[in-house]
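[1] Here is a sequence together with a model predicted from it:
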Amino acid sequence: MCGLTGILTSAASAPAIDQQVAAMNAALAHRGPDDDGVWHDRHIALGHRRLSIIDLSAAGHQPMHSADGRYVLVYNGEIYNFRALRRELADYPYRSQTDSEVILAAYARWGVECLSRFQGMFAFALWDRTAQTLFIARDRLGIKPLYYCAHEGGLVFASEIRALLRSGLVDARLDRLALVDYLRYQTVHAPRTILEGVRMLPAGHYLLARPEHGITTHAYWSMLRSTPPVACSREERKREVLRVFRAAVEKRLVADVPFGAFLSGGIDSSAVVAMMAQTGAAVKTFNVSFSEHAYSEAYYARIVARAFNTEHHEIQLSPRRFLALIPEALGAMDHPSGDGPNTYIVSKATKEAGVSMALSGLGGDELFAGYPVFTRLAQLERWQRWLNALPAATRRSGSRLINRLRPSIAAQKIGEVLADTEVSALSAYRYNRQVFAACQLADLLTTPLPPNAVEEQMNGWRECAEFDALPLFSKISVAEMSTYMQNVLLRDTDQMSMAHALEVRVPFLDHELVELVLRIPDAVKYPHTPKQLLVESLGDLLPREIVDRPKMGFTLPFKEWMANELRDFCAVRLHALGARPYFHAATVQRLWDDFLSGRPTISWSRLWVLVVLEEWLEKNGVA
């Protein structure tokens, strides 16, 4: 796991670009403490910071050149099937044992088509010195980030936005349209970012660029392109899920450094640990626990650790210690997000225990219908014909009545669903992760509101035959993975783990497992119990205490903190945010006052996204 940087220019000669890339590299030192490299030619400079995971020798230095010198590579990630590809490409004159060199060999043989051969998480840039072409690619599920910005005559790109800003070629200017997306969903959906002109290469895409010839992006994979389901029994489907999941975990254990697993004691992380143990690996597990029982899952993590005989590390934190680390976690944030400090803390503790790679259960909820949104929208689908039979005016009146009788955030969202022109499960999805409603944003911001990014994405899918053919739960999985998971969970996991030079691997996002589960009918995975298909596929592998436990999550008393210990911290930043020209200061202040007075329609999370935004804007000098 590493960090990459680069500048492409059409200038006849640009002697300063190697120095600019060196400055960008310095901004990524936390991602790769083991090595640092810069290479440049007439039109391009490439930079790399290395975190050594496979082949720890100097032979893994990057930028890496192909044996014939034609191709130059900088790469962040892991190709899990690199050994099988190496055997297939045995005629290449290898000089290392790295997966990086296999990328060079694969591109030399197959060109862009090499992407269909790779199993893993990756973002890389490859320069063809003969064709004078830059090839940039990102993995299918968007696990590893890649940001870029077109500038006059060229392109600047990196693993983090902060590195782009250090190039001197990117203006730190807020994107007003992206701001609305952030306030709606505590993130900005790719390809946009919070900065004007800065883009994130979408998951499953590659980019081609040549000096003076512009930039083109292309999709090479989509969750919607899975093959139709094969007729088979429920038991056969469970056996296939187990087989593919076991393989997904096993291939992610390839490493030349100490590794472990995050273990919360929930179903997803416990399933990953169980599969690790079944491979015969000596498993180290890490759980962040709290002395306060209400916030601790340590009891369940211990049960799993005992069941699979892991070397268990329980990192005890008091909420006050966690509170003290929040400013440090915000400082590590490369792109503003309403979440993230939790991952920062567990990554910090894991790295300090001597581990450089850890497996995570991220993605299990999205893939196996573990969130309440799956059952809520399934219920709404059963009711939608009856609801749409009511006159629109009646539904709108019901919406207003609900908000008067039960003033709460949940009531607001129910009201918005009922007030829609037509009620449907898919149209209602856009309210699921919503932070601020449109009417609240209109009061908060001085600029007109652009279309809802999630709504536009859902509307585009509805016109796609492949999406239409999916079962309802698979449609919700696609929505969850393409929006919340990719743009919040994965982005936060990358920026917060790499702040400590810790690589995190996610077996549930193995693309073969994703393709398999999306083809499975709802009748097989309907969640009468949490993640029923996954649990049944595992058989009696997991302890019953884990299967039957209530879903808890990593929760902390942010509401109390923001009203007390963090009160001044929040107040100062909210005041500064209100002074910015695109916010109504009076509305920001009213929201803060309403929160402090305990109004049920203003949650701590709505104010926190504003606090985080101002902190990030100020630290990065964004106007």
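    Here it is on my side, so go on.

[2] residues contacting Ala332?
    Neighbouring residues of Ala332 by CB atoms under 8 Å, 6 or more residues apart in numbering: 30, 344, 495-496, 499. C-beta: built from backbone N, CA, C; applies to glycine.

[3] go with 7 Å
    By CB atoms under 7 Å, 6 or more residues apart in numbering, the contact set of Ala332 is 344, 495-496, 499.

[4] In these, find the pair that's most separated.
    Comparing every pair within the contacts of Ala332 by CB to CB identifies Tyr344 and Gln495 as the most remote, at 8.7 Å.

[5] Model confidence score at the residue nearest to Trp110 when sequence neighbours are not counted, please.
    In space, and not counting its chain neighbours, Trp110 is closest to Arg117: 6.8 Å by CB to CB, 6 or more residues apart in numbering. With respect to pLDDT, Arg117 scores 97.

[6] Arg117: neighbour count?
    Arg117: 16 surrounding residues under other CB atoms under 10 Å.

[7] ok, it touching Phe82?
    No. Here Arg117 does not reach Phe82: they are 10.1 Å apart, not a contact under CB atoms under 7 Å.

[8] buried ones in the helix or strand bottoming out on mean pLDDT in the chain?
    Between all helices and strands in the chain, the lowest mean by mean pLDDT, DSSP states H and E belongs to helix 392-405, at a mean of 76. Residues 395, 398-399, 402-403 are the ones in helix 392-405 that count as buried (16 or more other CB atoms under 10 Å).

[9] and if you look at stretch 280-297?
    281, 283-290, 295-297.

[10] And it, end to end?
    26 Å (CA to CA, to the nearest Å).

[11] what's the answer for stretch 139-153, then?
    Termini of stretch 139-153 sit 27 Å apart (CA to CA).

[12] buried residues in that stretch?
    Per 16+ other CB under 10 Å, stretch 139-153 contains these buried residues: 139-151.

[13] ditto for stretch 611-618
    In stretch 611-618, counting by 16+ other CB under 10 Å, buried: 611-617.

[14] again with stretch 197-211
    198-211.

[15] How about stretch 318-326?
    Here stretch 318-326 shows 319, 322-323, 326 as buried, counting by 16+ other CB under 10 Å.

[16] Next step: those residues restricted to helices.
    Judged by DSSP state H, helices contain the following of these: 319, 322-323, 326.

[17] Where does Leu73 sit: helix, strand or coil?
    Classification of Leu73 by DSSP: H, G, I helix; E, B strand; the rest coil places it in strand.

[18] mind listing what Arg573 touches?
    Going by CB under 7 Å, 6+ apart, the list of residues near Arg573 reads 611, 614-615.

[19] For it, which non-adjacent residue is spatially closest?
    Glu614 (4.1 Å).

[20] What strand or helix carries Tyr182?
    helix 176-185 (DSSP states H and E).

[21] Name the residues that touch the helix or strand hosting Ala247?
    Taking DSSP H and E as the definition, Ala247 sits inside helix 234-251. Defining contact as CB under 7 Å, 6+ apart, one finds that helix 234-251 is touched by 80-81, 119, 272, 275-276, 278-279, 507, 510, 512-513, 516-517, 520, 524, 533, 536-538.

[22] And for stretch 575-591?
    With CB under 7 Å, 6+ apart as the test, stretch 575-591 has contacts from 176, 179, 443-447, 574, 602, 607, 610, 613-614, 618.

[23] Next: stretch 355-362.
    Counting by CB under 7 Å, 6+ apart, 51, 53, 252, 255, 257-262, 266, 268-269, 271-272, 276, 284, 286, 350, 489, 493, 502-508 sit against stretch 355-362.

[24] Please pick the buried ones from the residues you listed.
    By 16+ other CB under 10 Å, the contacts of stretch 355-362 give 51, 53, 252, 259-262, 266, 268-269, 271-272, 276, 284, 286, 350, 489, 493, 502-508 as buried.

[25] Quickly find the element holding Ala281.
    Using DSSP H and E, no helix or strand contains Ala281.

[26] I figured it hits Val254, correct?
    No. Counting by CB under 7 Å, Val254 is not a contact partner of Ala281; they are 10.7 Å apart.

[27] Walk me through the domains of this protein.
    Per automatic domain parsing, the domain ranges recorded for the chain read 2-221, 225-369+483-547, 372-478, 558-619.

[28] circling back to that earlier point, dump the contacts of stretch 575-591 into JSON lines; add secondary structure, pLDDT and distance to Trp39 as well.
    Output for the contacts of stretch 575-591, formatted as JSON lines (DSSP: H, G, I helix; E, B strand; the rest coil; pLDDT from 0 to 100; distance: CB to CB, whole Å):
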{"residue": "Arg176", "secondary structure": "helix", "pLDDT": "93", "distance to Trp39": "37"}
{"residue": "Leu179", "secondary structure": "helix", "pLDDT": "97", "distance to Trp39": "37"}
{"residue": "Asp443", "secondary structure": "helix", "pLDDT": "95", "distance to Trp39": "52"}
{"residue": "Leu444", "secondary structure": "helix", "pLDDT": "96", "distance to Trp39": "47"}
{"residue": "Leu445", "secondary structure": "strand", "pLDDT": "96", "distance to Trp39": "44"}
{"residue": "Thr446", "secondary structure": "coil", "pLDDT": "94", "distance to Trp39": "46"}
{"residue": "Thr447", "secondary structure": "coil", "pLDDT": "87", "distance to Trp39": "43"}
{"residue": "Leu574", "secondary structure": "helix", "pLDDT": "97", "distance to Trp39": "45"}
{"residue": "Ile602", "secondary structure": "coil", "pLDDT": "89", "distance to Trp39": "52"}
{"residue": "Leu607", "secondary structure": "helix", "pLDDT": "94", "distance to Trp39": "46"}
{"residue": "Leu610", "secondary structure": "helix", "pLDDT": "97", "distance to Trp39": "42"}
{"residue": "Leu613", "secondary structure": "helix", "pLDDT": "97", "distance to Trp39": "37"}
{"residue": "Glu614", "secondary structure": "helix", "pLDDT": "97", "distance to Trp39": "39"}
{"residue": "Glu618", "secondary structure": "helix", "pLDDT": "96", "distance to Trp39": "35"}
